[in-house]
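J.: give me a 3D structure for the following:
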Amino acid sequence: MVKSYLIFFMCWLTGTVSARAQMMSIDSCYALATRNYPLIKQYDLIEKSKEYTLSNAGKAYLPQVSITAIEGYVFGEFPGTSGGGNFKFIGLGQVNQTIWDGGAVKTQKNIIRASAETDKASVDVQLNELRSRVNQLFFGVLLVDEQLKLLEIQDTILRNNLNRIKLLNENGLAYTTEVNEIRVEQLKVRQQRTEFNYTRSGYLTMLSLLTGVRINEQIVLQKPTVINPTADLQIVRPELLLYKNQRELVNAESGMQKVNMMPKIGFLGVGFMIAPGASFGNNKISTLGVAGLSASWNLSAFYKKSNDKQLTQQQLNKINVQEETFLFNTKFQMTQSSASIEKQKAVLSEDDEIVSLRQTIREGYQLKYNTGMGPLIDLLNATTRESDARAQKALHEMQLLMTQYDYKTISGN
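T.: Residues are numbered from 1 along each chain as shown. From the prediction side, this is the model:
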């Protein structure tokens, strides 16, 4: 996982955001935001924790040594002692070497691996949510850029008319109020440009914080290509892998039920020392050692076998219901998004004709004004309506593109 992010980052360094081109794609933002998010550090922590825990589990087959030392007063009658002789030092040493643990170590390692994979999948789910944040900021900047382009067109039209009016005014053929009308419209355009520039700067600042890369005003966000994401996309969200890993973890943990019913066989060595020694008839004992095979079998696991199986099945059923609910909600979101895409396509199909008609109307009023057959206010109103039509078209295009990428994000593609 981390390796793939590094590859993405190298691609970004070599091509996506070059000092020459100053371009940044949405895929680069996805990769950078994931790489920069603090949660990604969890991958290394989970992996290291798994390695240490596996190592500890493997040490269960090493000899287990325990030593106990007691210095104290022995109450009651003790062979070979009388009076103050009841103060004794007793030492006990024990060595256990597991020969067969019923599969406990193997099962424990399976649980550790399954738990680590589940934790990683949980991190994947949280990191995937970054795509939605990137979409909002990235397309927000693109929408502002489109609006700024339209304001530039409107400003050019106003500037050309202002130059014409000034020339006519110098010749006594135009009124000063008309010059002021144009200037008012230019100031409105300037206000809108200022607002959009501040909005764009705010979006870029947030996108910089999200990606960990300084995105200044000179970097151009590359407009993504129009796609058709509703063509039989399968759901490949990381949540599905999380549910799969959770089931594997439950199954691995259920393996301990079988282990608990198995006998445990090992080698046992016990050493005993008492000082001063104790007399037992004709013999005086100060040390004693015993070695041999040991076997233990806890039969209580058989009593819980049926209930444990039912508990395991209930856990699996719970995960299955969660997955089923997730798929239902995701498909519902995809259906909503797909319907929105079709609606936006239908609306957008009329925008070109509306813009074309608004441009023709504005050009007609321009001709009337140039020939003195129409007032300036009609031309200004027509210019504003044409600008609004172009702005609506740009908005609809960006909304469609953003909805298409949201659909991809919802499906996990």
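J.: after the helix or strand hosting residue 27, which helix or strand is next?
T.: In this assignment (DSSP states H and E), residue 27 forms part of helix 26-36. Downstream of helix 26-36, the first helix or strand assigned by DSSP H and E is helix 41-58.
J.: show me what counts as buried in that next one.
T.: Buried residues in helix 41-58, counted by 16 or more other Cβ atoms under 10 Å: 42, 43, 46, 50, 53, 57. Placement of C-beta: from N, CA and C, glycine included.
J.: counting by contacts, list what the helix holding residue 27 packs against.
T.: In terms of contacts (3 or more Cβ pairs under 8 Å, 6 or more residues apart in numbering; DSSP states H and E), helix 26-36 is packed against helix 2-11, helix 130-170, helix 176-211.
J.: tell me which residues touch residue 345, please.
T.: residue 400 (Cβ atoms under 8 Å, 6 or more residues apart in numbering).
J.: would you mind measuring from it to residue 336?
T.: Counting by Cβ to Cβ, to the nearest Å, the gap from residue 345 to residue 336 is 15 Å.
J.: now the buried residues of helix 41-58 as CSV including pLDDT?
T.: Shown next, in CSV, are the buried residues of helix 41-58 (pLDDT from 0 to 100):
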residue, pLDDT
42, 84
43, 85
46, 86
50, 82
53, 82
57, 80
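J.: got the angle for the longest helix anywhere in the chain vs helix 130-170?
T.: Longest helix of the chain, by residue count under DSSP state H: helix 305-370. Angle, helix 305-370 to helix 130-170, by axes from the mean of the first three to the mean of the last three Cα atoms, to 10 degrees: 10 degrees.
J.: could I get the buried residue list for whichever helix or strand comes after helix 305-370?
T.: Using DSSP H and E, the next helix or strand after helix 305-370 towards the C-terminus is helix 376-411. If you call a residue buried by 16+ other Cβ under 10 Å, then helix 376-411 has these buried ones: 376, 378-380, 382-383, 386-387, 389-411.
J.: so residue 292, which of the three states?
T.: Following DSSP: H, G, I helix; E, B strand; the rest coil, residue 292 is assigned to strand.
J.: nearest the middle, which residue of the chain would you pick?
T.: Central residue of the chain (Cα atoms, centre = their mean): residue 127, 0.9 Å from the mean position.
J.: isn't that residue up against residue 37?
T.: Yes. Using Cβ atoms under 8 Å, residue 127 is in contact with residue 37, at 6.2 Å.
J.: give me the distance from stretch 380-394 to the chain's centre.
T.: Here the centre of stretch 380-394 is set off from its chain's centre by 40 Å, with Cα atoms, centre = their mean, to the nearest Å.
J.: could we number from 459 for the rest of this?
T.: I'll keep to 459 as the first residue from here, and by that count the last item is stretch 838-852.
J.: outside of it, which residues touch it?
T.: Contact with stretch 838-852 is made by 601, 604-605, 607-609, 611-612, 615-616, 639-640, 643, 806, 809-810, 812-813, 816-817, 819-820, 822-824, as judged by Cβ under 8 Å, 6+ apart.
J.: one more: stretch 496-516?
T.: Contacts to stretch 496-516, defined as Cβ under 8 Å, 6+ apart, come from residues 459-460, 463, 492, 563, 566-567, 570-571, 573-574, 577-578, 581, 584-585.
J.: same thing but at 10 Å, please
T.: Applying Cβ atoms under 10 Å, 6 or more residues apart in numbering, the contact partners of stretch 496-516 are 459-460, 463, 491-492, 562-571, 573-578, 580-582, 584-585, 588.
J.: what about residue 612, distance to residue 598?
T.: Distance, residue 612 to residue 598, by Cβ to Cβ: 21 Å.
J.: more neighbours: these two, which one.
T.: Per other Cβ atoms under 10 Å, whichever of residue 612 and residue 598 has more neighbours is residue 612, with 23 against 20.
J.: shouldn't the more buried one be in contact with residue 640?
T.: No. Using Cβ atoms under 10 Å, residue 612 makes no contact with residue 640, being 11.7 Å away.
J.: tally of neighbours for the residue nearest to residue 682 when sequence neighbours are not counted?
T.: Leaving aside its sequence neighbours, residue 682 sits nearest to residue 484 (Cβ to Cβ, 6 or more residues apart in numbering; 5.3 Å). Per other Cβ under 10 Å, the neighbour tally for residue 484 reads 19.
J.: what's the separation between residue 484 and residue 657?
T.: Relative to residue 657, residue 484 is positioned 19 Å away (Cβ to Cβ).
J.: cool, residue 526 as well?
T.: Shown here: residue 526 relative to residue 657, a distance of 74 Å by Cβ to Cβ.
J.: which of those two has more residues huddled nearby?
T.: Neighbours of residue 526 and residue 657, each counted by other Cβ under 10 Å, are more numerous for residue 657; the result is 15 against 9.
J.: and that one, how far is that from residue 517?
T.: The value you get for residue 657 to residue 517, if Cβ to Cβ is used, is 60 Å.
J.: in terms of pLDDT, where does residue 778 sit?
T.: Note for residue 778: predicted pLDDT of 94.
J.: what does the one 10 residues further on give?
T.: Taken from the predicted model, the pLDDT recorded for residue 788 is 92.
J.: isn't it right up against residue 697?
T.: Yes. Using Cβ under 10 Å, residue 788 makes contact with residue 697 at a distance of 8.2 Å.
J.: list residues touching both of these two?
T.: Each of residue 870 lies in contact with both residue 788 and residue 697 under the rule Cβ under 10 Å, 6+ apart.
J.: which one of these two is surrounded by more residues?
T.: More crowded of residue 788 and residue 697, by other Cβ under 10 Å: residue 697, with 20 against 17.
J.: the more buried one against residue 868, yeah?
T.: No. Residue 697 lies out of contact with residue 868 (Cβ under 10 Å); the separation is 11.5 Å.
J.: what is in contact with those two at once?
T.: With Cβ under 10 Å, 6+ apart, residue 697 and residue 868 have common neighbours residue 788.
J.: in this structure, which helix or strand is least confident?
T.: In the chain, no helix or strand scores lower on mean pLDDT, DSSP states H and E than helix 460-469, which sits at a mean of 43.
J.: in the stretch 609-758 of the chain, where is pLDDT below threshold?
T.: Low-confidence segments of the stretch 609-758 of the chain, defined by pLDDT under 70: 626-633, 684-690, 733-743.
J.: can you do 90?
T.: For the stretch 609-758 of the chain, residues meeting the criterion pLDDT under 90 lie at 610-641, 643, 671-694, 711-758.
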